[in-house]
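[1] Got a predicted structure here, sequence first:
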Amino acid sequence: MALFKEVADIQTADTLNLPTPEVVTKNVFVKPSEIQQEMVKGLGERAEEIRNGTVDPKTDNMLKITNEGRKLALDQRLLNENLGDFEDSKVNVAAKNIYEIWEENKQEKLTQLVFCDLSTPRSLGAEDNPYEMEQIDGKWQLKERIFTDVYTDLKRKLIAKGIPENEIAFIHDADNEVKKKELFSKVRKGDVRVLIGSTSKMRSTEQTAKIK
């Protein structure tokens with residue numbers, strides 16, 4: 001970095017005094033399901049065994065418990081795909097809020113950035129129908145399917161609520177500069193109105209978008 005500074009003039013948002021939009025913060029609290037509460041107790045019991053030295057670190061350890069705890073806090077199906085889709089889960093509440101914002105800002109075609117640092121898109125649908133939709137009584141609906149990941153699950157729920165599939169994108173799909181340029185163009189035009197990605201990938205997206 002020091003060598004780079006010798007040949008580059010680095011300007012930050014602070015030094016340039018660039019205008020930024022006002023941030024409106026809203027905290028949404030979601031209660032855990034009964035299954036999540038029971039599983040959290042199980043994590044606590046495992047942690048106690050580790051502290052007491054009654055379990056082999058190769059079998060179980062605090063890193064593993066912490067990782068499972070993070071997944072459990074997001075969605076219980078990340079630990080067991082066969083567990084039910086809790087109606088008041090974070091994913092379902094997020095889908096509801098995202099749809100409401102999408103609906104309220106239809107006229108201006110505003111875009112939402114949705115951050116998710118656990119899970120990655122992993123659709124099991126066909127290439128020409130990745131979210132497995134079917135036409136019933138003249139209306140497109142989503143087929144029942146097994147849970148694969150939070151990204152796909154959220155997108156399917158947004159589609160089911162009425163957001164067109166082509167208005168929802170994953171930052172992971174823009175895996176080269178040409179695709180990124182095309183994606184950013186769609187975001188600026190309002191063609192893509194919900195962009196979902198991890199914090200690290202979306203930060204790089206923000207920087208690239210500024211450069212472009």
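    Everything's here; your move.
[2] Let me see the ranges of the helices in this structure.
    All helices of the chain, identified by DSSP state H, fall at 2-7, 13-16, 34-51, 62-74, 90-104, 150-161, 177-189, 199-211.
[3] Next, format the ones you listed as a markdown table and append distance to Arg122 and mean neighbour count.
    Every residue, glycine included, has its C-beta placed from N, CA and C. As requested, the helices of the chain are exported to a markdown table (distance: least, Cβ to Cβ, whole Å; neighbours: other Cβ atoms under 10 Å):
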| stretch | distance to Arg122 | mean neighbour count |
| --- | --- | --- |
| helix 2-7 | 37 | 7 |
| helix 13-16 | 35 | 8 |
| helix 34-51 | 22 | 13 |
| helix 62-74 | 15 | 15 |
| helix 90-104 | 15 | 16 |
| helix 150-161 | 6 | 21 |
| helix 177-189 | 19 | 14 |
| helix 199-211 | 16 | 13 |
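[4] now these in CSV, with mean pLDDT and distance to Phe115?
    Formatted as CSV, the helices of the chain follow (pLDDT from 0 to 100; distance: least, Cβ to Cβ, whole Å):
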stretch, mean pLDDT, distance to Phe115
helix 2-7, 71, 29
helix 13-16, 76, 20
helix 34-51, 96, 21
helix 62-74, 96, 12
helix 90-104, 96, 10
helix 150-161, 91, 11
helix 177-189, 91, 15
helix 199-211, 60, 5
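[5] would you list those in JSON lines and tack on distance to Asn82?
    Below are those laid out as JSON lines (distance: least, Cβ to Cβ, whole Å):
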{"stretch": "helix 2-7", "distance to Asn82": "51"}
{"stretch": "helix 13-16", "distance to Asn82": "47"}
{"stretch": "helix 34-51", "distance to Asn82": "11"}
{"stretch": "helix 62-74", "distance to Asn82": "15"}
{"stretch": "helix 90-104", "distance to Asn82": "16"}
{"stretch": "helix 150-161", "distance to Asn82": "14"}
{"stretch": "helix 177-189", "distance to Asn82": "34"}
{"stretch": "helix 199-211", "distance to Asn82": "29"}
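[6] can you tell me which of those comes nearest to Leu118?
    Closest to Leu118 of those is helix 62-74 (Cβ to Cβ; 5.3 Å).
[7] Determine the set of other helices and strands touching the closest one.
    helix 34-51, helix 90-104 (3 or more Cβ pairs under 8 Å, 6 or more residues apart in numbering; DSSP states H and E).
[8] could these be laid out in JSON lines, adding distance to Lys201?
    What follows is those, written out as JSON lines (distance: least, Cβ to Cβ, whole Å):
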{"stretch": "helix 34-51", "distance to Lys201": "27"}
{"stretch": "helix 90-104", "distance to Lys201": "18"}
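[9] quick one: which of the ones you listed is nearest Pro21?
    Here helix 90-104 is closest among these (Cβ to Cβ), at 14.8 Å.
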